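Chemist: sequence isn't available, so here's the structure alone:
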């Protein structure tokens, strides 16, 4: 009679002792997969003048809530249009923005801010629309536009809010 190797016996005992293997399926997640996007502020078709759309980013503000940031630009200038968020977070990268005035954007008062970074002018507009926070916050940040270019930009600025 041929003898089985001890490892074969151990393996056989382990397999026999395991019994029937069953795979348990976990219940589906109770977390919703729905996403809501803040109403997006867009610029009129011809603004910002001669600046190409470069990027559009969805920014998470909590479970299922997204803000929108769209960047326009060329080799020397950029304009970011921000729909939703928190002003502290939006302007964290800009240390010294000074309030230099107030402008009217379609019946809403917007605060005009100015600074420079490494000799490059920075101009910004901030305002709120009639939505629940953080979707109420609006900002436009322009880098590299001269005062006259930014003034023209602000004068011609047309914004519309599109909801998803």
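Modeler: Yes, it's here. Here the structure is a predicted model, which is why all the values come from computation and not from measurement.

Chemist: need phi/psi at residue 76.
Modeler: Backbone torsions of residue 76, given as degrees, to the nearest 10, read phi -120, psi -10.

Chemist: wait, isn't it in contact with residue 143?
Modeler: No. With contacts counted by Cβ atoms under 8 Å, residue 76 stays clear of residue 143, the gap being 9.0 Å. For every residue, glycine as well, the C-beta is placed using N, CA and C.

Chemist: the two: which has the busier surroundings?
Modeler: Taking other Cβ atoms under 10 Å, residue 76 and residue 143 do not tie; residue 143 has more neighbours (19 against 9).

Chemist: who touches the more buried one in this structure?
Modeler: Taking Cβ atoms under 8 Å, 6 or more residues apart in numbering, we find residue 143 in contact with 77, 78, 79, 117, 120, 121, 122.

Chemist: look up the closest residue to the fifth one, ignoring the ones flanking it.
Modeler: Think residue 120. Nearest non-adjacent residue to residue 120, counting by Cβ to Cβ, 6 or more residues apart in numbering: residue 144, 5.5 Å away.

Chemist: counting neighbours, what do you get for the one you found?
Modeler: By other Cβ under 10 Å, the residues close to residue 144 number 18.

Chemist: and for residue 151?
Modeler: Per other Cβ under 10 Å, the neighbour tally for residue 151 reads 14.

Chemist: hang on, the earlier thing: OK, contacts around the residue nearest to residue 120?
Modeler: Going by Cβ under 8 Å, 6+ apart, residue 144 touches 76, 77, 78, 120, 121.

Chemist: 6 Å instead, please
Modeler: Residues near residue 144 by Cβ atoms under 6 Å, 6 or more residues apart in numbering: 76, 77, 120.

Chemist: ok, so of those residues, who is nearest residue 56?
Modeler: When the contacts of residue 144 are ranked by distance to residue 56 (Cβ to Cβ), residue 77 comes first, at 17.8 Å.

Chemist: wait, the closest one touches residue 145, no?
Modeler: Yes. Counting by Cβ atoms under 6 Å, residue 77 does reach residue 145; the two are 5.5 Å apart.

Chemist: higher neighbour count, those two?
Modeler: Using other Cβ under 10 Å as the criterion, residue 77 and residue 145 rank with residue 145 on top: 23 against 19.

Chemist: does that one sit in a helix, a strand or a coil?
Modeler: What DSSP: H, G, I helix; E, B strand; the rest coil gives for residue 145 is coil.
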